[in-house]
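Engineer: output the structure for:
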Amino acid sequence: MTTENFGHPYAVLRPVRLGNAFEETIERLLQAITVGLFPPGQKLPSERDLAGHLGVSRATLREALSELQKAGYLEVRRGRYGGTYLLQNAGVASDGAAHIDPEERWDVLVFRGVIEPAAAELAAEADLPASARQHLQTCLTDLLEADHATYRTRDARFHIAVAELTSCPSLITAVTENRARVSALLDEIPLLTANLEHSNQQHLAITEAILRGDAAGARALMIDHLEGTAALLRGFLH
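Structural biologist: Presented below is the predicted three-dimensional model:
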C-alpha cells in the first residue's frame, strides 16, 4: 500500500483472483462499504476506475453492482448527477446476521474447507459402482434445474452426495452436520443470480472430475468453489 492510497477505498479494493472474480468483487465492494470508505449517499467511482483497481472486466463489475443494487445496497440515478450511489441504510445486517458470532462463522468455513475437498478427492479415488455415479449425476441435475426457492436445499444435497461416494460414515456425518451450519449462514445473505450460475459451472466441473477419477482436480475444484462461497459470506456477514 502506498502512502497516497492510505485510507483511500482503493486500498481495500485490491485486485481479485481469477477463480471467483464475481464473488470476490462483491466481497471487496462490501468491505469498502462496511468500513465506511464509501459513505452512505456517496457516488461510487466510475466503472472504469473500479474495474481497473479490482483487476476485473467491466462486465464482471457491472454484474456485481447490479446484484448489490437488487440487494438494497446501491441505487442508480439518471440525469445531470447520475451514477451509482450508496444507499443511506446500506450494509445494515438482518436480525439473524447480527446474532451470528464471527468466530462461529470462521469455525464453520475453516472446517468446511478441510472436510469437503477431502471428500471430493476420496470420491474421485473410489471405485464407484454405476448406482453411485448415477446418484451424483441425479443430484447435480436436480441442482441445475433448481429455482431460487429450492436452490439451497438442492445445493446442500449435492455436497452431501459427494461425501456419500466416499463410503466413510464419519466423513458423511461431518459434511452433513457442517452443511447445516453453512446453510444457516447462507440463509442470511441474498441469492445472487450470477453467483448461482458460476457455482453451477463449478458443480458440473467437480462432478466431471470425480467421475473421471481425477482426485487432485476434484480437490482443487472444490477448494476454489468453497472460496467463492466464503468470499460472499465474508462480504455480506461482516
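Engineer: just the helices from the protein, written as ranges.
Structural biologist: Assigned helices in the chain, in chain order: 9-12, 21-34, 47-54, 58-70, 95-98, 102-125, 130-144, 151-164, 169-186, 193-211, 215-236 (criterion: DSSP state H).
Engineer: deepest of the ones you listed, which one?
Structural biologist: Comparing the helices of the chain by mean neighbour count (mean count of other Cβ atoms under 10 Å), helix 21-34 ranks first with a mean of 24. Yep, even glycine has a C-beta here, placed from its N, CA and C like the rest.
Engineer: state the mean pLDDT of that one.
Structural biologist: Helix 21-34 shows an average pLDDT of 88 in the prediction.
Engineer: which elements pack onto that helix?
Structural biologist: Counting contacts by 3 or more Cβ pairs under 8 Å, 6 or more residues apart in numbering; DSSP states H and E, helix 21-34 is packed against helix 9-12, helix 47-54, helix 58-70, helix 193-211, helix 215-236.
Engineer: out of those, nearest to residue 118?
Structural biologist: Put simply, out of the helices and strands packed on helix 21-34 the one that sits nearest residue 118 is helix 215-236, at 7.4 Å, with distance taken as Cβ to Cβ.
Engineer: now do that closest one, average pLDDT.
Structural biologist: In this model, helix 215-236 has a mean pLDDT of 95.
Engineer: same thing with stretch 177-194?
Structural biologist: Per-residue pLDDT values over stretch 177-194 give a mean of 91.
Engineer: so which residues make contact with it?
Structural biologist: Taking contacts as Cβ atoms under 8 Å, 6 or more residues apart in numbering, the residues outside stretch 177-194 that touch it are 22, 26, 63-64, 67, 70-71, 93-94, 96-97, 100, 104-105, 108-109, 111-112, 115, 148, 151-153, 156, 159-160, 229, 232-233, 236-237.
Engineer: could you work out the end-to-end span of it for me?
Structural biologist: With Cα to Cα, to the nearest Å as the measure, the first residue of stretch 177-194 is 27 Å from its last.
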